[in-house]
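Okay, sequence plus prediction incoming.
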Amino acid sequence: KYSYVAGGCNLFCASNMKYSLRDWEYGYNGGTPLQSVTLIDTCLEKKKTFECHPSADKVFDKIQQIWTDTISETEKTEVSSSTKSEVLEPRTLVQIQPVALGDNIGAMAVIEKYRKVTGKKITVTSNFANIFQKSYPELEIIQRDKDKIEFFPTDGYWQLGNSKFTESIITTYKFDVPLLNGFAKDFEIDDISDITLKVDNPGKQRPIKGKYVCLGVHSTSQCKYWNFPGGWDEICKYFRKKNITPVCVEKYESFGIEGNFNQLPTKALKKIGMPFDDVINYISHAELFIGVSSGLSWLAQSLGVPTVIISNVTSKDNEYLNDKTLRIYDESVCHGCFHKYPFNPGDWLWCPVYRNDNDRRFICSKAITPENVIEKIENFVQNIKVNNINIVEGESNQINMLINYSINNIQDTLTINLDKETL
């Protein structure tokens, strides 16, 4: 089972009595173990190198000899033909490990930049492959787990279905840094300032004739909710008074755990459990999207819709920020725990500082009042950077704000009436 590869020098210092060293096998014929042998870090024969060590070529020749002697003639034929025919084209397989919508949207934007910078041919596995096909035509995007990924270390490649890859990258979510920066680390990208989010827009007709805003209320942990009691109902009342319909596009009417379910606001139009294409369509035609730190907020941003994100458990720079995004937070209270403490996804009521204090639990978002949100939204709508803004004073002491913006090259008009006294 063992083969010895000799070196060039005839002296074997560790067993030569000239140097008073012993290498008798432990317990064999009364022998004793090799003891108190000083580490030899220079050649005892004053040679420049340890000539007794075999060269790399000798080692590889020995390995080849052993390989040749042990495999059968049939195996040699198969290996020989396989080795000659397998010259793989360089191709990279990127696996997006997180399954969440927002994580996949962010990761795809980073991967696209990586492709542009390196020029590599890339295949991506994503949990939401179907919403990226048109947006990233230079990437091959495959639904995650559609086929099993196998690694062949002997041949040095990864295989997915019938495709083989010479490189594999698994990109993961990093809790200690903003979302996009975390994914960028996996690709050694330092500058993400030019990254834009994209998803496919189905291009369906506007689902509601009148003006409406979309709301994203639910999330995957209670700490990510806007936990101000009745906050969403107040937002809905505000928009109803402006003849703007608040629309909830959610998978569930209520979500949470026993004793702590979150309900959708009663004043909202509830579009529950729609096909995902319809969810995208509703958001894409909305005048505004208001949500929390969740996938629907990332989706709205990807569609070019003005987006308001209410979150204080994540840092103010955790989400994607651009000129059409309003980030509402309050650093005067406990905040940013998502990046400071190990997150426990199994604890729905995870709040590392005030977990057992009912009054102060989730104080990060409880401190954000509906009045704060409404005031910031009004300022945001006035100052949002879009193609053209016309503010005209009309009748009934109202201001008609006409905002023309483009979503996927389709012109749409946002008209929001605001009372002077609220400005």
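Done, it's in.

switch to C-alpha atoms for all contacts and neighbour counts from now on
OK.

Find the residue at the geometric middle of this protein.
Asp103 (3.7 Å; C-alpha atoms, centre = their mean).

if you average pLDDT over the helix or strand harbouring that residue, what comes out?
For Asp103, the host element (DSSP states H and E) is helix 101-118. Rounded to a whole number, the mean pLDDT of helix 101-118 is 98.

Now that helix - C-alpha only, CSV.
Extracted C-alpha coordinates of helix 101-118, given in CSV (Å, rounded to 0.1, in the frame of the first residue of the first chain):
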residue,chain,number,x,y,z
LEU,A,101,-37.2,37.7,-2.8
GLY,A,102,-35.3,40.8,-1.8
ASP,A,103,-32.1,38.9,-1.4
ASN,A,104,-32.4,37.4,-4.9
ILE,A,105,-33.1,40.8,-6.4
GLY,A,106,-30.1,42.3,-4.8
ALA,A,107,-27.8,39.4,-5.6
MET,A,108,-28.8,39.4,-9.2
ALA,A,109,-27.8,43.1,-9.6
VAL,A,110,-24.4,42.3,-8.1
ILE,A,111,-23.9,39.3,-10.3
GLU,A,112,-24.7,41.3,-13.4
LYS,A,113,-22.0,43.8,-12.4
TYR,A,114,-19.5,40.9,-11.9
ARG,A,115,-20.3,39.7,-15.4
LYS,A,116,-19.7,43.1,-16.9
VAL,A,117,-16.4,43.6,-15.0
THR,A,118,-15.0,40.1,-15.7
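
could you say what helices and strands that helix packs with?
Applying 3 or more C-alpha pairs under 8 Å, 6 or more residues apart in numbering; DSSP states H and E, one finds that helix 101-118 contacts helix 179-185, helix 295-302.

right, so these: which one is the most enclosed?
helix 295-302 (a mean of 25; mean count of other C-alpha atoms under 10 Å).

rewinding a little: which residues sit in contact with the residue nearest to the centre of the chain?
Contacts for Asp103 (C-alpha atoms under 8 Å, 6 or more residues apart in numbering) come out as Tyr173, Leu179, Gly295.

Not counting residues beside it along the chain, what's closest to Thr314?
With sequence-adjacent residues excluded and distances taken as C-alpha to C-alpha, 6 or more residues apart in numbering, Thr314 is closest to Gly336, at 4.5 Å.

and that neighbour, how many neighbours does it have?
Here the count is done by other C-alpha atoms under 10 Å, and Gly336 has 19 residues near it.

That one is in contact with Asn312, isn't it?
Yes. Gly336 lies in contact with Asn312 (C-alpha atoms under 8 Å); the separation is 6.1 Å.

can you pull out the strands in the stretch 151-300 of the chain?
For the stretch 151-300 of the chain, the strands defined by DSSP state E, counting those that start in this stretch occupy 157-160, 163-165, 167-171, 212-216, 245-250, 254-257, 260-263, 269-272, 288-291.

Mean neighbour count and distance to Lys237 added to those strands, as CSV?
Shown next, in CSV, are the strands of the stretch 151-300 of the chain (neighbours: other C-alpha atoms under 10 Å; distance: least, C-alpha to C-alpha, whole Å):
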stretch, mean neighbour count, distance to Lys237
strand 157-160, 18, 52
strand 163-165, 18, 54
strand 167-171, 16, 42
strand 212-216, 25, 12
strand 245-250, 25, 9
strand 254-257, 16, 20
strand 260-263, 14, 16
strand 269-272, 16, 12
strand 288-291, 25, 14
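
Can you add distance to Leu139 and mean pLDDT and give these back as JSON lines?
As requested, the strands of the stretch 151-300 of the chain are exported to JSON lines (distance: least, C-alpha to C-alpha, whole Å; pLDDT from 0 to 100):
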{"stretch": "strand 157-160", "distance to Leu139": "15", "mean pLDDT": "94"}
{"stretch": "strand 163-165", "distance to Leu139": "14", "mean pLDDT": "95"}
{"stretch": "strand 167-171", "distance to Leu139": "15", "mean pLDDT": "95"}
{"stretch": "strand 212-216", "distance to Leu139": "30", "mean pLDDT": "97"}
{"stretch": "strand 245-250", "distance to Leu139": "29", "mean pLDDT": "97"}
{"stretch": "strand 254-257", "distance to Leu139": "35", "mean pLDDT": "95"}
{"stretch": "strand 260-263", "distance to Leu139": "38", "mean pLDDT": "95"}
{"stretch": "strand 269-272", "distance to Leu139": "32", "mean pLDDT": "97"}
{"stretch": "strand 288-291", "distance to Leu139": "29", "mean pLDDT": "97"}
